[in-house]
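Enquirer: Quick one, fold the following:
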Amino acid sequence: MTSKNQKLCLRIVLGLALLITFTIVLVQVARPLYTDDMWWHLRLGQVFLQQGFPTADPLLFTARLDQEPIYHEWLFQVMLAVTHQALGLYSLRFLHILLVCACLLSVAFYLRSANLSRVQITVGLILFLSFSYQRLYQLRPDLISIMCCFSLITLFRQLDSKWSTSKSVLFVAIACIWANAHSLVMVAFPFLISASIGNWKHPPFKRRTAIAVMLATIVALCLNPIGPRLIYFYFTHNANNPLARVVDEWGHFQPFGKHSFLPLSSPILSTLLILAFLMLCWLGYRFARQLIKSRMKNFQHVQLVDIVHGLLAMLAILYAVRFYWMVPIVYVAVIKHAPLPFSSTWQWILSGLLLVCVSIHFSLPSTRKTYMPLNTDFQRQFYRDSAYDSLKFHHRAIEYLSQNDLNGNIFNPYFMGGYLAFWRPQSKTFIDGRFDRYSAQVEKDHHALKIVGRHFVTTLQSYDIDIALLPNDSTWLRTKVALKALGWVDVYCDSDTSILASPEFLALHQAQVACSWGLDHIDKLQLITWQFAYKDWWSRYGKNIQPQPNRQWLADFKFALRVGNLEYARHIATLQPQLARRNQRSIDALATMEVLQRQISEQ
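Expert: Got it, this is the predicted structure:
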């Protein structure tokens, strides 16, 4: 096979690999709306269109009162609201696809501006999709940051004698869009400043234009509806440490460690990152020696800029998982300046290793658990027809609140804060994904109410909570048991969700609640909600249970325990003593919950 045919085959193989990787990512991106934070972004966008920027937080009843809200992502939120208002919720799925494609194109143009070959550009795109897919399949303003960051760096690379006024205007416009859509815009300035310093003595580089463009960008960033605080607020506020330190719930880079949120701690990606980091350190050391020997003369400015950019991107990646999308910047520094073997044989070997790594990564159980399953006809139809994932967000329970006009302060799981804000704007929620809008103490109290700590009753009384909307799983079992011990009542319960109302709220709305179940009085409310939940559970999941008496008793026992019906669970355990012999763990869990119930009642 001639070298020309080998290159053609290599391009075809890598092209197919890119197509397969992009298809995997695109299928997850196009899924019914799944992102937790998207909902409060959408709701805030609606508020801005209706009344401008409110001075009090419109979504949370636990929001800080000592500071006015800083809406540092308002443009992205308005974009979501306008799209929804014009075309409906389903159109947001297409908007998500367009934003991800725009991100991919911006990365491709960046790699092309670095004078890489087609094969190298293809490999860079595969790496970008592999490392950043977890960010890509979430409809968040980070997509704007990815697109704008690579676009600005690409434009700045072209700051030479051919630079035109239209490019200056485009540069400033992109920076302004980025700043108003996601105030992570300050991340770009270290790359731009380092590029200016590295290219300062390079003749084609227009120094005055570079200074003018950056000054114009800074001035334009300050001319926004929020003011200069829009730019630096993201990095300086101290409402909550995770966001103030640019580390979100995904946390720091953890090589070879298990991560409860994210599969990107897989050994494949960790190994690639560590190798890239070692290579960058070696390149930096070698280039520093060259600078010292030449006494800062005759050095390659492009090499300096690429290596500094690679080190900056690597530091960001190692600091916070949210910057994994900067991998192409690291890739450019390594692939252009490391003495790697580029013979045809080595290209085949390295390409094969890349394909194996990517295949293993996307096949890992930790990665596959983030996929939306499409095995059954129901799942495929749900994927095609649904605008959003109503199963994840317990939509039936929220429909019950809407149909019966039950409004109040809602205690909710973290992931449901935005969804409740969008579908129940008449109510306010306890917590959502905006770390800057509530104090760290609120987050600690939310966790204390979840695990039922020693000061559960005191913590609960310190907040004016009317309703608790909780999933029926083991995570929230202790909370449900503790609330029922304090007199809270199930006003709604299905196979997946429970809604509990405080005694004070129920006394004010008992007529509405009784009418919702066709009752004259709420005396039999607990029995009716339990019967409804039991029938709903059997209709949805009963077919998966083997038709054996022991299996049915065990399923009934576990479901009663999940929804916090300790009396019925104890009744089954008494009638079926064989449960204790076969499922001691479940019996122990029941005993633990009964002890907790007595302790809370005594408080």
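Enquirer: How are the strands of this structure distributed by residue range?
Expert: Using DSSP state E, the strands assigned to the chain run over residues 409-411, 428-429, 467-471, 489-493, 497-501.
Enquirer: Just the residues contacting the second one, thanks.
Expert: The set of residues external to strand 428-429 that reach it, using Cβ atoms under 8 Å, 6 or more residues apart in numbering, is 59-61, 409-410, 412, 416-417, 420-421. Every C-beta, even on glycine, is put in place using the N, C-alpha and C of the backbone.
Enquirer: quick one on the thing from earlier: out of the strands of the chain, which comes closest to Leu125?
Expert: strand 467-471 (38.3 Å; Cβ to Cβ).
Enquirer: Direction-wise, compare that closest one with strand 497-501 and give the angle.
Expert: Strand 467-471 runs at 160 degrees relative to strand 497-501, counting by axes from the mean of the first three to the mean of the last three Cα atoms, to 10 degrees.
Enquirer: Give me the distance from strand 467-471 to the chain's centre.
Expert: Relative to its parent chain, strand 467-471 has a centroid offset of 22 Å by Cα atoms, centre = their mean, to the nearest Å.
Enquirer: quick one: it to strand 489-493, angle?
Expert: Using the same axes, to 10 degrees: strand 467-471 against strand 489-493 is 50 degrees.
Enquirer: Show me what strand 467-471 is packed up against.
Expert: On a contact count with 3 or more Cβ pairs under 8 Å, 6 or more residues apart in numbering; DSSP states H and E, strand 467-471 meets helix 395-403, strand 409-411, helix 477-485, strand 497-501.
Enquirer: Tell me which residues of that strand come out buried.
Expert: 467-471 (16 or more other Cβ atoms under 10 Å).
Enquirer: coming back round to it: show me the one of the strands of the chain that comes nearest Leu355.
Expert: If we rank the strands of the chain by Cβ to Cβ, the stretch that ends up nearest is strand 467-471, at 39.7 Å.
Enquirer: And the pLDDT for Pro267?
Expert: As summarised for this prediction, Pro267 has a pLDDT of 63.
Enquirer: hmm, I was thinking of Leu401
Expert: At Leu401, pLDDT is 95.
Enquirer: circling back to that earlier point, can you flag the weakest of the helices and strands packed on strand 467-471 by average pLDDT?
Expert: Among those, helix 477-485 carries the lowest mean pLDDT (a mean of 91).
Enquirer: Show me what that one is in contact with.
Expert: 449-452, 456, 460, 468, 470, 490, 498, 500, 561-564, 566, 589, 593, 596-598, 600-601.
Enquirer: which of those residues are buried?
Expert: Buried among the contacts of helix 477-485 (16+ other Cβ under 10 Å): 449-450, 452, 456, 460, 468, 470, 490, 498, 500, 561-564, 566, 589, 593, 596-597, 600.
Enquirer: Surely Gln379 touches Asp385?
Expert: No: using Cβ atoms under 8 Å, Gln379 is not in contact with Asp385, being 11.2 Å away.
Enquirer: and His447, how far is that from Thr458?
Expert: Distance, His447 to Thr458, by Cβ to Cβ, to the nearest Å: 15 Å.
Enquirer: What count of nearby residues applies to Leu391?
Expert: By the criterion of other Cβ atoms under 10 Å, Leu391 has 12 neighbours.
Enquirer: circling back to that earlier point, including distance to Trp537, could the strands of the chain go into JSON lines?
Expert: Converted to JSON lines, these look like this (distance: least, Cβ to Cβ, whole Å):
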{"stretch": "strand 409-411", "distance to Trp537": "23"}
{"stretch": "strand 428-429", "distance to Trp537": "26"}
{"stretch": "strand 467-471", "distance to Trp537": "13"}
{"stretch": "strand 489-493", "distance to Trp537": "10"}
{"stretch": "strand 497-501", "distance to Trp537": "11"}
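Enquirer: To His394, which of these lies closest?
Expert: Using Cβ to Cβ, the nearest of the strands of the chain to His394 is strand 497-501, at 4.2 Å.
Enquirer: check contacts around the residue nearest to Asp490 when sequence neighbours are not counted.
Expert: Once flanking residues are discounted, Asp490 sits nearest to Thr529: 4.6 Å by Cβ to Cβ, 6 or more residues apart in numbering. Thr529 makes contacts with 490-493, 517, as judged by Cβ under 8 Å, 6+ apart.
Enquirer: Mind checking which of these are buried?
Expert: 490-493.
Enquirer: Got phi/psi on Ser164?
Expert: Phi and psi for Ser164, reported as degrees, to the nearest 10, are phi -110, psi 170.
Enquirer: Just give the number of residues close to it.
Expert: Neighbours of Ser164 (other Cβ under 10 Å): 9.
Enquirer: Can you give me the distance of it to Thr209?
Expert: Ser164 sits 10 Å away from Thr209, going by Cβ to Cβ.
Enquirer: swap in Leu486?
Expert: 68 Å.
Enquirer: same deal with His84?
Expert: 41 Å.
Enquirer: now swap in Ile360 and tell me
Expert: For Ile360 relative to Thr209 (Cβ to Cβ), the value is 47 Å.
Enquirer: just Ala440 next, same as before
Expert: Distance of Ala440 to Thr209, given as Cβ to Cβ: 45 Å.
Enquirer: which regions of the stretch 201-350 of the chain lie under the pLDDT threshold?
Expert: 201-207, 233-271, 287, 290-302, 339-350 (pLDDT under 70).
Enquirer: Equivalent analysis for the stretch 451-600 of the chain, please.
Expert: 542-554, 571, 575-583.
Enquirer: So which residues of it form helices?
Expert: Along the stretch 451-600 of the chain, counting by DSSP state H, counting those that start in this stretch, helices occupy 456-461, 477-485, 503-508, 510-516, 525-541, 549-562, 566-575, 578-582, 584-602.
Enquirer: can you check the stretch 251-400 of the chain too?
Expert: So, for the stretch 251-400 of the chain - with DSSP H, counting those that start in this stretch - the helices run 267-294, 301-319, 327-337, 344-363, 365-368, 377-385, 395-403.
Enquirer: okay, those helices in a markdown table with mean neighbour count and distance to Lys428 next?
Expert: Below are the helices of the stretch 251-400 of the chain laid out as a markdown table (neighbours: other Cβ atoms under 10 Å; distance: least, Cβ to Cβ, whole Å):
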| stretch | mean neighbour count | distance to Lys428 |
| --- | --- | --- |
| helix 267-294 | 15 | 40 |
| helix 301-319 | 20 | 34 |
| helix 327-337 | 23 | 40 |
| helix 344-363 | 15 | 40 |
| helix 365-368 | 14 | 36 |
| helix 377-385 | 11 | 31 |
| helix 395-403 | 17 | 13 |
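Enquirer: do you know which of the ones you listed lies nearest Thr574?
Expert: Of these, nearest to Thr574 by Cβ to Cβ is helix 395-403, at 31.0 Å.
Enquirer: if you average pLDDT over stretch 4-16, what comes out?
Expert: What stretch 4-16 shows for mean pLDDT is 75.
Enquirer: list the buried ones in it?
Expert: Going by 16+ other Cβ under 10 Å, stretch 4-16 has these buried residues: 10, 13-14.
Enquirer: Sort out which one of the residues you listed lies nearest Pro425 for me.
Expert: Nearest to Pro425 among these is Leu14, at 48.8 Å by Cβ to Cβ.
Enquirer: List the contacts of the closest one.
Expert: 119, 122-123, 126, 351.
Enquirer: ok, now how distant is it from Gly124?
Expert: 11 Å.
Enquirer: Check Leu139 too.
Expert: Between Leu139 and Gly124 the distance is 24 Å, computed by Cβ to Cβ.
Enquirer: that older thread, of His84 and Thr209, who's got more company?
Expert: The neighbour comparison of His84 against Thr209 (other Cβ under 10 Å) goes to His84, with 19 against 16.
Enquirer: My guess is that one contacts Trp39. True?
Expert: No: counting by Cβ under 8 Å, Trp39 is not a contact partner of His84; they are 10.8 Å apart.
Enquirer: Spit out the residues that contact the two alike.
Expert: With Cβ under 8 Å, 6+ apart, His84 and Trp39 have no common neighbours.
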